[in-house]
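[1] need coordinates for the below:
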Amino acid sequence: MQLYFVRHGQSENNRMWSRTGSSEERVSDPKLTDVGQRQAALVAEFLASSYEAPDGRRATRGWDPQNVAGFPITHCYTSLMERAVATGHEIAEALDLPLQSWIDIHETGGMFLEDPETGERLSKPGLSRTYLEETYPRLVVPESVTDEGWWNRPFEPESARQERADGVLEELLDRHGDTDDGVVFVSHGGFFNHLLRAVLSIDQPDEEKLWFAANNASVTRIDFVKGRRIVNYVNRVDFLPGDLVT
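    The predicted structure follows:
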């Protein structure tokens, strides 16, 4: 299996933070900005691209750590936060694949807002089934998601985040580990850090002491081959023009 971890395009919260360094006007489920939409379109084009040899023959698909011969992608999963779904939908369209929901690859903390007076993290429901199905027709919405939203649970504490990532990795390997599948995860920077710790067997859950950078719309590739985990590249954004690297 090849895993391609794609961070969502720039969100409204990302833009606000880059301009102000503050999260005072943070929203619980931000949409993509215009820049984020352009990033999503470009990463989709990149993942759908392939290399043609000069004589017209398709390049070999042997060991290809930089995907010179293209991306053999068979499955596309997304979290149900809108910035990820919007990015994933662009990718699924370009690849002509269904966009599968995977609730547990959501961003750390889940759906919440912080009370400005008390600092309490107030849980929010997330997008409704009707909205998701009408807005993103390629998205396969789980039966558990209703019109009352997909989250509807308390704020996720730091102590639960690594365990969730460990569980996602275990389920990913159960689904695809002994196959030739190419799997896309469209997810988030915080979750990326915990998943990469799980992949690398790093016992360091403290986000303040260890952090793996992931730009908006970046691609990270990890291969799982005969019990080995091969990190081919991390935080790849060479397909974006400089003014779209955020």
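[2] how about the strands in this structure?
    2-7, 75-78, 99-101, 112-114, 121-123, 139-140, 182-187, 219-225, 228-236 (DSSP state E).
[3] show me what the shortest one packs onto, helices and strands only.
    Judged by 3 or more Cβ pairs under 8 Å, 6 or more residues apart in numbering; DSSP states H and E, the packing partners of strand 139-140 are helix 82-95, strand 99-101. For every residue, glycine as well, the C-beta is placed using N, CA and C.
[4] that strand pairs with which strands, and in what direction?
    strand 99-101 (parallel) (DSSP bridges).
[5] who's in contact with the strand it pairs with?
    Residues outside strand 99-101 that contact it (Cβ atoms under 8 Å, 6 or more residues apart in numbering) are 75-78, 80, 85, 88-89, 91-92, 136, 138-142, 145.
[6] buried among those residues? Make that a ChimeraX selection.
    Entered in ChimeraX, the line below selects the buried ones among the contacts of strand 99-101, by 16 or more other Cβ atoms under 10 Å:
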select :75,76,77,78,80,85,88,89,91,92,136,138,139,141,145
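[7] wait, doesn't Lys124 sit right on Glu114?
    No: here Lys124 lies out of contact with Glu114, judged by Cβ atoms under 8 Å, at a distance of 11.1 Å.
[8] and stretch 96-110, which residues are buried?
    By neighbour count with 16+ other Cβ under 10 Å, stretch 96-110 contains the buried residues Leu97, Leu99, Gln100, Ser101, Trp102, Ile103, Ile105, His106, Glu107, Thr108, Gly109, Gly110.
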